[in-house]
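A.B. asks: Whatever this is, show me its structure:
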Amino acid sequence: MSEHKLNEDTLKIIKEIESCSTLNQRFLSTKLGISLGKTNYLLKELIKKGLVKIHNFSHGKNKIIKVGYSLTPKGIEERLRLTYHFLKRKELEYDQLKKEWEDMTKGVQIYQENKEAVEL
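C.D. replies: This is a model prediction of the structure:
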């Protein structure tokens, strides 16, 4: 799997955690359109790197353990870094597409001019 895709999925997870700390892995997986296994893997890596902190909401013996996630200060810095790199990559893609478009329209214009010259 490409590093860009992992970074995009990581950024999506970080943004979701930032917006709502009480979401679970199944909800994240469904909302982001990635597998539950990948969601689990990415969350574990984020926790291991100290970017995300896990919280238990239910502490009683007979209660189902509910967990939530929050960003650490390091996680907020990582969000900024990933967002910056994501935007730079998209800017490069835009510039490339713009150049391709300009080349194509220039080619069409030259073709039409040559076609008109031949018809005369």
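A.B. asks: where exactly do the strands run in this protein?
C.D. replies: Counting by DSSP state E, one finds strands in the chain at the ranges 52-56, 67-71.
A.B. asks: what residue ranges in this structure are flagged as low confidence?
C.D. replies: Within the chain, the stretches with pLDDT under 70 are 1-6, 57-65, 119-120.
A.B. asks: From the contact counts, what lies against the longest helix along the chain?
C.D. replies: What stands out as the longest helix in the chain, according to DSSP state H, is helix 73-119. Where contact means 3 or more CB pairs under 8 Å, 6 or more residues apart in numbering; DSSP states H and E, helix 73-119 is packed against helix 3-19. Any C-beta I mention is one placed from the backbone N, CA and C, and that applies to glycine too.
A.B. asks: Show me which residues of the helix it packs on are buried.
C.D. replies: 7, 8, 9, 10, 11, 12, 13, 14, 16, 17 (16 or more other CB atoms under 10 Å).
A.B. asks: Can you tell me what sits against it?
C.D. replies: 23, 28, 31-32, 34, 38-39, 42-43, 45-46, 51-52, 69-71, 75-76, 78-79, 82-83, 85-86, 89 (CB atoms under 8 Å, 6 or more residues apart in numbering).
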